[in-house]
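**Student:** got a predicted model here, sequence first, then my questions.
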Amino acid sequence: MTRSLERPAQTGSPGDPIADIAAILTAGPTSVEVPKLFRHVDPLRVKPFDPGRLAIPYAEPEWADFKPGASGRFGSSLPAYKKAHQTSVLKYRLALTDWRKRERERIAELNAAKAKYDDQMRARIESHDIRADRLMAALRAGDTATLLRFVTMSLEASRFPEWLAVERSFTYRPSARELTVRVEVPPRESLPDGDEDERAEWFESLVVRLTLRCMRDAFLGSPEKVVDRVRVFAMTDEVCLSYVRSERAVFADVDLGQLDPVFSLFQLGGELSPEPYALKPIGGAT
């Protein structure tokens, strides 16, 4: 198959496999956050205290609900009315006393619940921050397990279309500050129908773009002071179809959005199978 260094046209619409392949290098995150596990808790983002029913005051008794009605044309001058009035005043005062007692108990319970919440949140934040400090210290020291955990969590936001079942695994060599990515290219059978030449072209484009995307993501998702170099192996059925190795500064100068992907791969010193669709391996990728 004759390889063209012309940038392939992005045909199709979102959700179309061919368009998905063409968009691999323009899709995905352009930046990633430090995983939550590795950063201090922002108190402003902690789930706020929920007082529930304790936030609702009891209804204060109102004199109008206790005041006796008028007693005919003599108004309030009748002894019977005065007695009823005195009884109503007593009931109202008792109701007020009971309301004040219940309100004091509610407020005390609310304050106790808030204090308990504050203590729990303070302990959780302190515990998390101590753990985050330890993880970041281990990361800066080049601990392999910590670095791989960091990268894996950082790249959770870098997803592919559902039909494109991409699997990535990572290894790290602290002495060289080198991260190695092994990406499993989806099988040829996952490609849409087409003639042999079309499917071969699509598969080659998929291999190259996944290789470069994984390198971009690896640099994006790893700390600069810990990872200086990335290697990517694109594999299918234990056959290596593409390989590239680059330093961070060199890769940063490559404009993946403008250059032809195959040209970009070769510019970085990468290798590509002479016939990816035929699963012919490259040589020298060790």
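**Tutor:** Everything's here; your move. Numbers count the residues shown, from 1 in each chain.
**Student:** quick one: the strands in the stretch 51-200 of the chain?
**Tutor:** Along the stretch 51-200 of the chain, counting by DSSP state E, counting those that start in this stretch, strands occupy 167-173, 178-184.
**Student:** residue 207 versus residue 278, what's the distance?
**Tutor:** For residue 278, the distance to residue 207 (C-beta to C-beta, to the nearest Å) stands at 12 Å. All C-beta spots, glycine's among them, are computed from the backbone N, C-alpha and C.
**Student:** if we can go back for a sec, redo the strands of the stretch 51-200 of the chain as TSV? Include mean pLDDT and distance to residue 40.
**Tutor:** Listed next are the strands of the stretch 51-200 of the chain as TSV, based on pLDDT from 0 to 100; distance: least, C-beta to C-beta, whole Å:
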stretch	mean pLDDT	distance to residue 40
strand 167-173	93	25
strand 178-184	96	25
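**Student:** so which of those is nearest residue 26?
**Tutor:** Shortest distance between residue 26 and the strands of the stretch 51-200 of the chain, using C-beta to C-beta, is found for strand 178-184: 17.9 Å.
**Student:** listing partners with orientation, what would you give for the closest one?
**Tutor:** Counting by DSSP bridges, the strands paired with strand 178-184 are strand 167-173 (antiparallel), strand 229-236 (parallel).
**Student:** ok, and what's touching the first one?
**Tutor:** For strand 167-173, the surrounding residues in contact (C-beta atoms under 8 Å, 6 or more residues apart in numbering) are 144, 147-148, 151-152, 155, 178-184, 214, 218, 227.
**Student:** do the longest one as well
**Tutor:** Around strand 229-236, the neighbours that count as contacts under C-beta under 8 Å, 6+ apart are 176-185, 187-188, 207, 210-212, 214-215, 218-219, 222, 240-248, 251, 279, 285.
**Student:** gap between it and the chain center?
**Tutor:** 25 Å (C-alpha atoms, centre = their mean, to the nearest Å).
**Student:** what's the average pLDDT for it?
**Tutor:** When pLDDT is averaged over strand 229-236, the result is 96.
**Student:** mind listing what's buried along the helix or strand immediately after that strand in the chain?
**Tutor:** Next along the chain after strand 229-236, taking DSSP states H and E as the criterion, comes strand 239-247. Using 16 or more other C-beta atoms under 10 Å as the test for burial, strand 239-247 gives 240-246.
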